[in-house]
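In: Need coordinates for the below:
(4 chains)
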Number of protein chains: 4
Amino acid sequence: MDYIAGMLKSHPHPVAVEAASLETCLEACLACEQACTACADACLVEEDVHRLVRCIRLNLDCAAVCSVTARVLSRQTAPPSDLIQQQLATCTAFCKACAVECEGHAHRHEHCRVCAEACRACESACRALITATWN
Amino acid sequence: MDYIAGMLKSHPHPVAVEAASLETCLEACLACEQACTACADACLVEEDVHRLVRCIRLNLDCAAVCSVTARVLSRQTAPPSDLIQQQLATCTAFCKACAVECEGHAHRHEHCRVCAEACRACESACRALITATWN
Amino acid sequence: MDYIAGMLKSHPHPVAVEAASLETCLEACLACEQACTACADACLVEEDVHRLVRCIRLNLDCAAVCSVTARVLSRQTAPPSDLIQQQLATCTAFCKACAVECEGHAHRHEHCRVCAEACRACESACRALITATWN
Amino acid sequence: MDYIAGMLKSHPHPVAVEAASLETCLEACLACEQACTACADACLVEEDVHRLVRCIRLNLDCAAVCSVTARVLSRQTAPPSDLIQQQLATCTAFCKACAVECEGHAHRHEHCRVCAEACRACESACRALITATWN
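Out: Numbers count the residues shown, from 1 in each chain, chains lettered A, B, ... in the order given. Okay, here's the model as predicted:
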């Protein structure tokens, strides 16, 4: 993701929040979206798929929410900070729920272990951005 | 959107909330996503585009959020009602902000007038679903 | 979807293709996206989920592709007609594959029957738009 | 994007194509989606926005297409290789068109220069994956 920093810096408007935290959060959202999409797909062909139904559902929801969060955060024009913070809070909640669920399957499924890590990283990056100073 | 009711009814699990409200909200989210995408694009070629920058930004954000809300609401399996309600609240906030902005341009631009209507309909459908009884 | 026609008409630029076909295709894409998302979720909790793995996968892919097609079609500004036609052809292919798969399960699962209908309607609307006259 | 390799390896089914090329393509799609979203937003507040209308439109289309390509590629279950190759070809076409457009503005706008690079990287990664050997 070598382009994120370059895009943030070249925008005519400055970022509304500390750039390093924003960059970290953008990367975490995109990584979490990918991991959750892949985890849902992997769970689907596990023998114990019946036990993974809630996991698959949360994975798909979490992937969709992370994707939107990355899109909203990529825009520096006229940032509606209240809405962005609400989106970040919602994303934090989806990531946390998905992480908890995946952690429960991590001892049996390596993809759930890796996915839980991606969710925890995204949860924590979103939380850090909420508490960062917004202009 | 003749298939929504058929899909809700044919799912092995019952819906977790009153079906008619859910159907209305699903339709409103998809309609709002389309209207906001189209409004952003229409604003872009208006002569007063400089005044419409915040409108375009909110349109694109709102379209993305509505799309995810529709996706989350389309799943009846293991519904995480707290997360769904949080997604609905976030969607309500984006729709309201986008409606207020579009209403400010509605006397000059018919697409903003129509889009504001779609946003208000979605805002109100999401709000109704939040206050509905969830199983 | 009462807003589509209003949005198409109020855009500063005319549509690049016959408006009624465009409107039909937009509605079909959004309806197919919703039906496929719901069908994937319904399949997941069927007892014969092991037989529905390919169906779920195609459902999720098809939903994603239809969503993008609707977004691309919603923009009337500087329409890149070659790209739009290629997107329509890809969407046609995903809808057809998903329809064929769902039709194979339609006698057992009503949601597959309804979803196949939505896919066939979208396939046919995309195909009609490809062969329509583009400005 | 430290999780992509881990997710690919931990899936119960092997990847249908050479893993390193798939990983490169997944990263390129996610990076291009982000860069295009940010470039559209940056263009919007440039003084010569009237000259950037086609650029913004292609940016938004390209971001949407790349996002779907990443989603389709993240699934290893029952891979429909014909459909995947068609999606890759469509993605290649959108990336190329967006790159050509951004390159035309690169001397004036650094964000267009960076975005064109991301588009070219994604175009080339998609092309490489099309010509790779698929199982």
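In: Just list the residues touching A:Asp28, thanks.
Out: Not quite, residue A:28 is Ala, not Asp. A:118, A:121-122, A:124-126 (Cβ atoms under 8 Å, 6 or more residues apart in numbering or on different chains). (C-beta placed from N, C-alpha, C; glycine too.)
In: could you give the angle of the helix or strand where it lies to helix C:19-44?
Out: Assigned by DSSP states H and E, A:Ala28 belongs to helix A:19-44. Taking axes from the mean of the first three to the mean of the last three Cα atoms, to 10 degrees, one finds helix A:19-44 and helix C:19-44 inclined to each other by 60 degrees.
In: got the buried residues for helix A:19-44?
Out: A:21-44 (16 or more other Cβ atoms under 10 Å in any protein chain shown).
In: Excluding sequence neighbours, find me the nearest residue to A:Arg51.
Out: Closest residue in space to A:Arg51, ignoring its immediate chain neighbours: A:His105 at 7.6 Å, by Cβ to Cβ, 6 or more residues apart in numbering or on different chains.
In: Check the secondary structure at that neighbour for me.
Out: coil (DSSP: H, G, I helix; E, B strand; the rest coil).
In: Is it in contact with A:Leu52, as I believe?
Out: Yes: counting by Cβ atoms under 8 Å, A:His105 touches A:Leu52, with 6.6 Å between them.
In: Please list the residues of chain A that sit near chain C.
Out: Proximity of chain A to chain C, by Cβ under 8 Å from any Cβ of the partner chain, involves residues A:41, A:44-45, A:49-50, A:53, A:56-57, A:60.
In: Put the alpha carbons of stretch A:78-94 into PDB.
Out: Extracted in PDB, the C-alpha atoms of stretch A:78-94 (Å, rounded to 0.1, in the frame of the first residue of the first chain):
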ATOM      1  CA  ALA A  78     -15.300  18.900   3.500                       C
ATOM      2  CA  PRO A  79     -14.900  16.100   6.100                       C
ATOM      3  CA  PRO A  80     -18.000  15.700   8.200                       C
ATOM      4  CA  SER A  81     -16.200  14.800  11.400                       C
ATOM      5  CA  ASP A  82     -19.300  13.700  13.400                       C
ATOM      6  CA  LEU A  83     -20.300  11.300  10.600                       C
ATOM      7  CA  ILE A  84     -16.800  10.000  10.200                       C
ATOM      8  CA  GLN A  85     -16.500   9.300  13.900                       C
ATOM      9  CA  GLN A  86     -19.900   7.500  13.900                       C
ATOM     10  CA  GLN A  87     -18.700   5.400  11.000                       C
ATOM     11  CA  LEU A  88     -15.500   4.600  12.900                       C
ATOM     12  CA  ALA A  89     -17.500   3.600  16.000                       C
ATOM     13  CA  THR A  90     -19.700   1.300  13.900                       C
ATOM     14  CA  CYS A  91     -16.700  -0.200  12.300                       C
ATOM     15  CA  THR A  92     -15.000  -0.700  15.600                       C
ATOM     16  CA  ALA A  93     -18.100  -2.600  16.800                       C
ATOM     17  CA  PHE A  94     -18.300  -4.900  13.700                       C
END
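In: Return the residues in contact with A:Arg54.
Out: Going by Cβ under 8 Å, 6+ apart, A:Arg54 touches A:101, B:77-78.
In: Dump those residues to TSV, plus secondary structure.
Out: Compiled in TSV, the contacts of A:Arg54 are given as follows (three-state DSSP):
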residue	secondary structure
A:Glu101	helix
B:Thr77	coil
B:Ala78	coil
